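In: sharing a model that was predicted from the sequence below.
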Amino acid sequence: MSAGSVQQVKQIMEEAVTKKFVHEDSSHVIALCAAIEACLGHLLKRRAAGFLRSDKIAALFTKVGKVNETVAEVCRKVQAQLQQQADLSRLQSVGQEGLRRQGSSTTSRPPQPLSPQAIKHIWVRTALFEKVLDKIVQVIVDNSSKYYEREALMHDPVFGPILAALLVGPCALEYTKLKTSDHFWTDPSANELVQRHRIHGAHRSQDIPASRRPALGIRKRQSSGSMSEDRFAASAREYVESLHQNSRTHLLYGKNNVLVQPKKDMEVLRGYLSLHQAGDNLTLKWTPNQLINGTLGDCDLEKSIYWDYALTVPMRQIVCIHCHQLPDSGGTLVLVSQDGIQRPPLHFPAGGHLLAFLSCLETGLLPRGQLEPPLWSQKGKGKVFPKLRKRSSAARLIDQDRNSDEQTAADYVFRIVYPGYRYDPILCFHSVPLKMLCHNMKRQIVSRAFYGWLAYCRHLSTVRTHLSALVNHNIVPPDRPGEASGGLSKEVWSKYQKDCKNYKELELLRLVYYGGVEHGIRKEVWPFLLGHYKFGMGKSDMSQIDAKISERYQQVMKEWKACELIVKQREKEMQSAIFSKLSSGSSIDSHVLRLAHRDSTISNEVFMSVDEPDAGSQETPSADESTPTMTTLAPPVALPPEERPLVEFDSPDSGLPSSRNYSVTSAHSQISSSMDEGQSTEEEAPGRELQDSPNESRVCHQLDRLVTSGAATEGSLASLSSYTIELLDTVALNLHRIDKDVQRCDRNYYYFTTTNLEKLRNIMCSYVWEHLDMGYVQGMCDLLAPLMVILDDECLAYSCFTQLMKRMSQNFPNGGAMDAHFANMRSLIQILDSELFELMHQNGDYTHFYFCYRWFLLDFKRELLYEDVFAVWEVIWVSPRISSQHFVLFLALALVSVYREIIIDNNMDFTDIIKFFNEMAERHDVQHILKVARELVHKVQSLMDNK
């Protein structure tokens with residue numbers, strides 16, 4: 001908790017420095033409030049938190065506000081905000097007129113609704129915005145013995161004062177509700193980023209195929225010298241400003257109307273040539289006039305094409321400069337890089353501009369570099385081209401030089417050398433034979449080709465070592481024996497049902513993998529895909545399986561529902577004991593509190609809900625809403641009173657069963673005794689007996705019915721025995737979690753009516769009853785819900801869900817599959833897209849891929865629409881037989897690859913990529929993502945076969 005608080009304070013201070021402001025709805029503000037609340041709520045005394053109160057922070061602030069005026073003022077403002085939000089919600093249903101009338105009583109403008117996260121953390125958030133949070137925390141620290149246990153963080157003599165001191169900085173910042181004028185440019189939404197990418201990438205999608213990136217992450221060298229892709233992330237304004245003199249770079253040379261022919265069979269373009277110096281680095285830039293003059297208008301496509309023609313050449317990469325002069329032109333300059341690739345020729349206008357450029361270049365290279373041969377200095381003319389002699393006509397050139405100063409050598413080749421380095425030229429321009437130069441260049445080319453081939457072989461060996469286990473080596477094509485893109489249709493399925501013995505299972509799976517299942521037959525096909533039925537079974541075999549599953553399901557239902565009655569009675573007794581102690585003024589036994597509130601310290605939340613502020617925190621426990629738990633029935637044998645198990649207690653006045661055996665018989669006898677001896681309860685809690693007696697009678701009556709009806713099936717229940725209280729506690733926790741998640745499971749989807757939600761709860765309770773070692777974990781309801789929508793049969797959905805969980809249970813905290821997913825994902829993207837991996841590594845190193853956690857946990861269920869979930873799940877289920885047992889990895893990689901350019905262009909860090917994918921949820925093109933995922937699998941399979 002302390003580390004989290006420090007990190008959040010650091011992030012919010014960094015945001016204030018970089019953006020010059022902090023918005024009230026910033027994610028850093030929400031994260032800071034959550035961290036502070038976690039610290040304030042740690043081991044808070046029950047008296048300070050308020051008995052059975054769900055919002056501990058509200059109770060704490062209210063308690064402290066009674067003795068401190070600063071906290072009391074914050075409490076009043078919070079209450080006013082909550083009332084304002086309640087009025088706003090009510091008035092929105094009435095109409096805008098009522099909203100305007102209400103707004104006049106509080107402020108000149110209508111009140112703005114708060115986000116769910118803001119309401120969740122409203123107490124700490126309000127104190128932060130009022131700049132008194134540090135003072136309030138200090139007051140709590142000074143009086144921590146009143147509110148906290150000894151082991152609490154706020155009671156710690158070191159941590160408490162440090163936390164208060166940390167909050168001084170955030171409390172001094174200014175927070176605003178307004179967005180800046182360029183907010184949509186500096187902090188765009190996911191939709192805005194996608195729209196920008198479509199504008200900038202329109203021409204690339206037409207000219208370049210989808211598989212334009214070479215395999216193994218090898219990046220092609222750009223022979224055209226176009227600007228790197230990073231330029232697309234910057235605005236045109238910033239680039240144009242960089243062409244001029246500024247604080248970072250010095251402009252050594254600038255000339256407009258320099259001609260360049262970017263491609264063959266293309267007209268020559270005019271542009272602005274500039275030479276820039278930043279420290280010891282020289283950079284040559286050429287920009288088409290169309291980008292500078294603004295003559296393109298709003299034609300984004302044409303504008304993007306001109307950006308591709310612009311040149312940015314680091315002079316460190318240039319080794320030779322060829323100069324060609326003609327009498328009627330100003331000269332042409334060709335740059336040759338270290339690998340022998342020539343840049344597009346630069347045609348200077350007449351008037352000595354080529355010589356001026358070389359002079360500025362020579363000056364910029366000093367003192368570390370120089371031109372070889374150097375330019376000559378001549379009195380009255382400044383820098384001039386060197387006068388060089390040809391061996392065959394040396395005398396004639398000397399005579400010409402004497403007679404005419406205008407006649408000079410037409411062509412020159414200058415080398416850029418750095419005398420301080422070991423590779424300083426030992427080859428002299430005047431003496432090295434052309435044959436030796438060609439031989440050296442040939443040797444370099446062959447050497448580079450060899451080492452490139454060797455690197456490829458080593459890389460391929462790495463691929464085979466790390467990725468061979470991720471795919472099936474046998475490639476199943478989509479077009480043999482027939483085209484599979486149409487999927488499994490109703491006609492094909494009918495043929496299979498008529499001749500199921502002779503129909504090949506692999507062919508059906510191939511159709512599903514490449515084309516999915518027609519929606520009308522999913523209810524019939526899914527049980528086969530999930531393993532409830534086996535391909536080739538007849539109707540009689542299928543009926544036998546259904547009968548066995550139904551019998552088993554009914555038996556499990558009977559067991560946990562009987563146990564639920566026991567747990568309800570037990571929880572009612574715990575609450576009765578607590579209220580009795582409260583009414584009598586006695587201290588409550590620690591064991592009572594530990595059992596009654598055990599669920600408050602144990603969480604099954606594996607990820608936070610994006611659209612839910614805190615659905616469970618606002619539930620108030622009551623006697624009628626006690627969460628059910630699970631036990632099994634004791635053998636329904638009538639025992640004499642002296643042989644019945646006694647109900648024991650931890651302490652004489654605790655009023656709770658001990659951590660020993662608790663059976664149906666003991667519960668029944670306890671209920672009866674409590675009803676016969678109700679006078680003692682009446683004395684401790686007057687009036688309560690009238691309220692509790694009907695419920696106790698109903699529970700007792702139901703238990704009697706169960707025991708009586710169980711006598712007929714004594715043989716089947718003979719193996720069931722009583723369970724310990726520890727087991728009852730575990731079961732109670734699981735049922736509470738199930739009830740909490742069932743109520744909020746896809747509540748907006750038409751299928752989940754009250755009746756179907758009850759069926760979902762029955763299935764989930766039955767599964768957890770059989771897997772108490774794992775228990776219920778948040779997310780299991782998400783996996784069950786689509787099965788219920790398609791199958792619409794309780795027993796069938798239970799069986800299919802059990803089959804599905806054989807694979808999915810490994811993704812939950814008890815399994816180890818999630819770490820393996822992250823490691824494999826890292827290997828995949830590092831090998832297949834090294835550029836994106838490098839970006840992830842540099843921007844905070846989020847190559848741990850934790851942003852994929854929810855994807856793997858729920859098989860992308862929360863990222864897609866229901867109709868898309870059906871299509872994706874079908875492919876995942878059949879992929880182990882067709883392409884890969886780890887198809888979810890390739891789906892995740894495809895999801896990242898589809899938005900690859902957006903991630904790179906916007907230089908996203910871990911927070912950005914989480915925000916982006918959360919906003920893009922249920923808006924993905926699933927068919928395209930599936931296509932990309934299948935292509936990625938095929939690429940790795942091809943690498944395995946070296947094709």
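Out: Received the coordinates, thanks.
In: roughly how far apart are residue 898 and residue 867?
Out: Per C-beta to C-beta, to the nearest Å, residue 898 is found 19 Å from residue 867. Any C-beta I mention is one placed from the backbone N, CA and C, and that applies to glycine too.
In: compare the two (neighbour count), which wins?
Out: residue 898 (17 against 9; other C-beta atoms under 10 Å).
In: go ahead and confirm the more buried one touches residue 929.
Out: Yes: counting by C-beta atoms under 8 Å, residue 898 does reach residue 929; the two are 5.9 Å apart.
In: packing partners of the helix or strand hosting residue 928?
Out: Secondary structure from DSSP states H and E places residue 928 in helix 926-945. On a contact count with 3 or more C-beta pairs under 8 Å, 6 or more residues apart in numbering; DSSP states H and E, helix 926-945 meets helix 434-467, helix 817-832, helix 866-882, helix 887-898.
In: same thing but at 10 Å, please
Out: In terms of contacts (3 or more C-beta pairs under 10 Å, 6 or more residues apart in numbering; DSSP states H and E), helix 926-945 is packed against helix 434-467, helix 505-515, helix 817-832, helix 866-882, helix 887-898.
In: most packed of these?
Out: When you average the neighbours per residue for each of those (mean count of other C-beta atoms under 10 Å), helix 887-898 leads with a mean of 24.
In: tell me what that one is packed against?
Out: Other helices and strands packing on helix 887-898, by 3+ C-beta pairs under 10 Å, 6+ apart, are helix 817-832, helix 834-842, helix 853-857, helix 866-882, helix 900-905, helix 910-919, helix 926-945.
In: same thing but 6 Å
Out: The contact analysis (3 or more C-beta pairs under 6 Å, 6 or more residues apart in numbering; DSSP states H and E) places helix 887-898 against helix 817-832, helix 926-945.
In: mean pLDDT and distance to residue 451 added to those, as JSON lines?
Out: Shown next, in JSON lines, are those (pLDDT from 0 to 100; distance: least, C-beta to C-beta, whole Å):
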{"stretch": "helix 817-832", "mean pLDDT": "89", "distance to residue 451": "20"}
{"stretch": "helix 926-945", "mean pLDDT": "90", "distance to residue 451": "20"}
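In: and these as TSV, adding distance to residue 916?
Out: Converted to TSV, the helices and strands packed on helix 887-898 look like this (distance: least, C-beta to C-beta, whole Å):
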stretch	distance to residue 916
helix 817-832	17
helix 926-945	15
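In: of all these, which lies closest to residue 138?
Out: helix 817-832 (40.9 Å; C-beta to C-beta).
In: pull the CA atoms of that closest one into PDB?
Out: Listed next in PDB are the C-alpha coordinates belonging to helix 817-832 (Å, rounded to 0.1, in the frame of the first residue of the first chain):
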ATOM      1  CA  ALA A 817      -1.400 -20.900 -17.300                       C
ATOM      2  CA  MET A 818      -1.500 -17.100 -17.100                       C
ATOM      3  CA  ASP A 819       2.300 -16.700 -16.500                       C
ATOM      4  CA  ALA A 820       2.900 -19.100 -19.400                       C
ATOM      5  CA  HIS A 821       0.700 -16.900 -21.600                       C
ATOM      6  CA  PHE A 822       2.600 -13.800 -20.800                       C
ATOM      7  CA  ALA A 823       6.000 -15.500 -21.400                       C
ATOM      8  CA  ASN A 824       4.800 -16.900 -24.800                       C
ATOM      9  CA  MET A 825       3.300 -13.600 -25.800                       C
ATOM     10  CA  ARG A 826       6.700 -11.900 -25.100                       C
ATOM     11  CA  SER A 827       8.500 -14.500 -27.300                       C
ATOM     12  CA  LEU A 828       6.000 -14.200 -30.100                       C
ATOM     13  CA  ILE A 829       6.000 -10.400 -30.400                       C
ATOM     14  CA  GLN A 830       9.800 -10.200 -29.900                       C
ATOM     15  CA  ILE A 831      10.400 -12.500 -32.900                       C
ATOM     16  CA  LEU A 832       7.500 -11.500 -35.200                       C
END
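In: tell me how many other residues surround residue 77.
Out: Applying other C-beta under 10 Å, we find 16 residues neighbouring residue 77.
In: and it, what element?
Out: Counting by DSSP H and E, residue 77 is part of helix 69-94.
In: summarise which helices and strands that helix is packed against.
Out: helix 56-65, helix 96-106, helix 122-129.
In: now do it, average pLDDT.
Out: For helix 69-94, the mean pLDDT works out to 84.
In: check which residues of it are buried.
Out: For helix 69-94, the buried set under the neighbour-count rule, 16 or more other C-beta atoms under 10 Å, comprises 71, 74, 75, 77, 78, 81, 84, 85, 87, 88, 91.
In: let me see the contact set for the fourth one.
Out: Residues in contact with residue 77, defined by C-beta atoms under 6 Å, 6 or more residues apart in numbering, are residue 126.
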